[in-house]
Structure formats: structure tokens, C-alpha cells
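In: quick one, fold the following:
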Amino acid sequence: MALPWDYIAKIVSLGDSGCGKSSLTIRLCEGRFSPHHDVTIGVEFGSRIVPVGPPASLSLGINNPAAKRSNTGSSPNLSTPASLTRQPEQKHMKLSLWDTAGQETYKSITRSYFRGASGALLVFDITRRSTFVSATSWLNDLRQIAEEGIVVVLVGNKSDLASASTVAPSTPSQDPSESGDNKRQVTKEEAEEWCHANGVMQYVETSAKSGEGVERAFLEVAERIYQNIEAGKYDLNDRRSGVKGPGAGGGSTVRTINLGMNDAARRKKGQGGGCC
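Out: As a prediction, the model looks like this:
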């Protein structure tokens, strides 16, 4: 029987404790939010099958040559034969998600899980500036241990607590939780500048509570890993690459859910569900 995926990629999430790393994984895999989640000890695991490459990637505006042409002002070739514009067969990638603990106590354990990862979500809490400051240290740890060229996306979580794009006004003695509807302590522009300065390719804001941006964050990582596969940058027979082809062994007992990019819409119609 044909496998429901074409590739497997190991993705790690890292960042300070309490940033919502586990909640992001649960939201992606199970489509739910738990307001009370135990502190992760060591590492937790989940998985999800997602579409990569065209045609699905075109709807996200990722890896879309047509979009690049439109940005440069050039017009599409209207005389292109239909045989050349036919949609390619959709590829799928199984994301093996390793949710690591953020507490300092477990750092010596969680660092070992960075090995063999092809992608990473570096998560901070946009309502706690200290977690953004810590991102540099987490990134350095990751790059010391993981393989060179690991795909990293910076994720600012808890956007549901930031009703404005500007930083919430506060005094040194004021708790951020008392600053009204807008508890933002890091702006999008600042996070994007950090990405540029540190060689991180993308910044995405998410809310594990509402689900906003969660799919996008994981798919940004998956799509860029797929681009690297297409470019021949991985040895699919080398476990250190963090990517496996369809010939990889499948002894895992973890259940997966196979959902496309429009799973949120399907859930509204009562068709979603399932645990990873």
C-alpha cells in the first residue's frame, strides 16, 4: 500500500519555558487549545502530514515563481501550452515534531534532540520581552549542535494578547498583564530585524489559542525543507540530514493525522478531528 507521505522531516521547537511551544504542537496536531498544560519535561512528540510544493504552496505564496514575476512587473506568457501549465502531483511531508523543554534544568537533555533536525521553530512570547532576548542564546545552541543549514523560523506566539502592533506602554513597576488589551512587548518590525541580523529566514506571529498563524509557521518550515530536497541539499540516506524518503523504516506507533491547508475550514463543517 502506498504511503500517505513522500518525505519525513524532523522539526524541533525551542525557546523559553511558557512561550506556548507545546500548545502550538497540540494546535497543529489536534486542532485544539488547552489553557492548562503541564510543563514539558525533556521532550514531547507529535506528528502531522502536510502538503508541500505546488499546487498547495502556491496558495500560500511560498515558492511561487509566478508571484516573483508579478513583483518584477513582467507579464505571464499567455501563449504557454496547456500541457506545460498542468498542475503537478501534490507532494506530502510527514513532520516529526519534537517539542523540547524550555526550563534551564532540562537544557542538557533537550539540546541532544537538536541533532538530526532539518527544521526548527524558535518560539518566544510577544508579551514577555525576556523570552525574545533569550532567542539569540537558543539559536546559538541550536546551530552548535544541529546540522549546518538547518531551516529556522522565528515564531512570536500569543498574538491574541496583542491588540495593537505597537509595544504596550508600561512603567518599570507595572506588570505587562496589567497593560490592558494590548500586552505586546516586541514589535513585528523588531522581530523581523532580528531575523535579518541572525540569518533566520522568516518571522511568523501565531496564537495557539485562536489558531491564527499556526499552520503558516509550520508550513513555512516544511516548504523550505522541501525546496532543499528538490535542490539536492540532503542525503536522504543519511540520518543526520533530518530528512527521509519513502524508503525509510516506519516502526513508529505514533498516529498521524493527514490534513491539508484548509483543515480549519473543514473543522468548522464538522469534518476535522483526530489526535496525532
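In: what ranges does this protein have for its helices?
Out: In the chain, the helices defined using DSSP state H lie at 21-30, 56-60, 65-71, 107-110, 129-133, 135-145, 188-198, 214-230, 263-268.
In: want to throw those helices into TSV with mean pLDDT?
Out: Below are the helices of the chain laid out as TSV (pLDDT from 0 to 100):
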stretch	mean pLDDT
helix 21-30	92
helix 56-60	83
helix 65-71	46
helix 107-110	66
helix 129-133	97
helix 135-145	95
helix 188-198	97
helix 214-230	95
helix 263-268	37
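In: closest to Ala9 out of those helices?
Out: helix 214-230 (5.0 Å; C-beta to C-beta). In this view, the C-beta of every residue, glycine as well, is placed from N, C-alpha and C.
In: buried set for the closest one?
Out: Residues of helix 214-230 classed as buried under the neighbour-count rule (16 or more other C-beta atoms under 10 Å) are 214-229.
In: winner for burial among the helices of the chain?
Out: Ranked by mean neighbour count, those are led by helix 21-30 with a mean of 24 (mean count of other C-beta atoms under 10 Å).
In: next, the angle from it to helix 214-230.
Out: Interaxial angle of helix 21-30 relative to helix 214-230 (axes from the mean of the first three to the mean of the last three C-alpha atoms, to 10 degrees): 80 degrees.
In: sorry, back to before: tabulate the helices of the chain (a markdown table), appending distance to Ser165.
Out: Converted to a markdown table, the helices of the chain look like this (distance: least, C-beta to C-beta, whole Å):
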| stretch | distance to Ser165 |
| --- | --- |
| helix 21-30 | 21 |
| helix 56-60 | 22 |
| helix 65-71 | 24 |
| helix 107-110 | 32 |
| helix 129-133 | 15 |
| helix 135-145 | 19 |
| helix 188-198 | 6 |
| helix 214-230 | 17 |
| helix 263-268 | 24 |
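In: quick one: which of the ones you listed is nearest Val50?
Out: Taking the helices of the chain one by one with C-beta to C-beta, helix 214-230 is closest: 5.4 Å.
In: OK, contacts around Leu97?
Out: Leu97 sits next to 11-13, 25, 28-29, 45-48, 276 when contact means C-beta atoms under 8 Å, 6 or more residues apart in numbering.
In: nearest spatial neighbour of it, skipping sequence neighbours?
Out: Sequence neighbours aside, Gly46 is the residue nearest to Leu97 in space, at 4.5 Å (criterion: C-beta to C-beta, 6 or more residues apart in numbering).
In: wait, isn't the one you found in contact with Ser23?
Out: No: with contact defined as C-beta atoms under 8 Å, Gly46 does not reach Ser23; the gap is 11.6 Å.
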